[in-house]
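Novice: Predicted model and sequence below, questions to follow.
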Amino acid sequence: MNPGRLLYALFMFLGLLTAVLLRRPSPLPPRRRLGILAGAVVGGSLGSKLPFVILGGDLFGPAWLGDGKTILAGLAGGYLGVEVAKLLLGIREKTGDGFAVPLAAGIAVGRWGCFFNGCCSAPGHPIPIYESGFHAAMAVLLWRLEGVEALRFQLLKLYLIAYCAFRFLIEFVRVEPRIALGLTAYQYGAAVLSAALLVLWWQDAKLKHAIRSRDPGAPPAPAGASDLKIGDCP
């Protein structure tokens, strides 16, 4: 194994370790926690490879086992995977806030592996370092917001929407095929994902407003309360 690949594997491991060490305590039983984790891992893994499989034009081809991965599709796949797991397990509790800081911090560390492996960069632009800085800054911001209980139950959506905006802008210096109107497939994907998350945010806010309108003196609803529907946030 060449040094670049070795450092890539090392930083991927360190990124995963960072996320595990920063994970938040969960009131869910172990079986349900494991189910959510499995949904995130499986969904994220499949999502990160899906664009390369589609571009390769072979659903059962070797692209599934290749090196190519994309964080944007991986995040979308992980989000969907958690939603599916919660639906199958009948979980109504909000779990997104617990994912936000560990995920951002883990990716911030892992992106250095891409840098040392020489992938994802562009001429004159060390893209993985830019990305690592973005995710590290978001981890700090999310941690601060979590500490003051600001935007409760919306932190993961905030993080993903912010990354979509960042990714849309950083694509202008990346070397990727332009498919229409001078934009890359990742820019269109970022736009679609952010729009979907904004709709979920709006639905969540509308639901909370309706609950408080019925009982203006009620405190913010805790995770798992009857007003928190499956699909509000993974």
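Specialist: Great, that's in hand. Every value quoted in this text rests on a predicted model; they were computed, and no experiment measured them. Residues are numbered from 1 along each chain as shown.
Novice: what residue ranges in the chain score low on pLDDT?
Specialist: For the chain, applying pLDDT under 70 flags the ranges 1, 52-69, 208-209, 211-234.
Novice: For the residue nearest to the spatial centre of the chain, give its distance to Ala85.
Specialist: Closest to where the C-alpha atoms of the chain average out (CA atoms, centre = their mean) is Leu75, at 3.5 Å. Here Leu75 is placed at a distance of 16 Å from Ala85 (CB to CB, to the nearest Å). Bear in mind the C-beta positions are built from the backbone N, C-alpha and C, glycine included.
Novice: same question, Ala108
Specialist: Where Ala85 is concerned, Ala108 sits at a distance of 25 Å (CB to CB).
Novice: now the helices: where do they sit in the chain?
Specialist: Using DSSP state H, the helices of the chain run over 3-21, 30-56, 71-89, 96-117, 127-147, 155-170, 185-214.
Novice: Of these, which is nearest Glu176?
Specialist: helix 185-214 (6.4 Å; CB to CB).
Novice: and the angle from the closest one to helix 155-170?
Specialist: 150 degrees (axes from the mean of the first three to the mean of the last three CA atoms, to 10 degrees).
Novice: and the angle from helix 185-214 to helix 71-89?
Specialist: Going by the same axes, to 10 degrees, helix 185-214 makes 40 degrees with helix 71-89.
Novice: which strands and helices sit next to helix 185-214?
Specialist: Applying 3 or more CB pairs under 8 Å, 6 or more residues apart in numbering; DSSP states H and E, one finds that helix 185-214 contacts helix 71-89, helix 155-170, strand 178-180.
Novice: The ones you listed into TSV, with extra columns for distance to Gly147?
Specialist: Output for the helices and strands packed on helix 185-214, formatted as TSV (distance: least, CB to CB, whole Å):
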stretch	distance to Gly147
helix 71-89	23
helix 155-170	11
strand 178-180	42
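Novice: circling back: can you list the helices of the chain in JSON lines and add distance to Arg178?
Specialist: Output for those, formatted as JSON lines (distance: least, CB to CB, whole Å):
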{"stretch": "helix 3-21", "distance to Arg178": "28"}
{"stretch": "helix 30-56", "distance to Arg178": "14"}
{"stretch": "helix 71-89", "distance to Arg178": "16"}
{"stretch": "helix 96-117", "distance to Arg178": "22"}
{"stretch": "helix 127-147", "distance to Arg178": "17"}
{"stretch": "helix 155-170", "distance to Arg178": "13"}
{"stretch": "helix 185-214", "distance to Arg178": "9"}
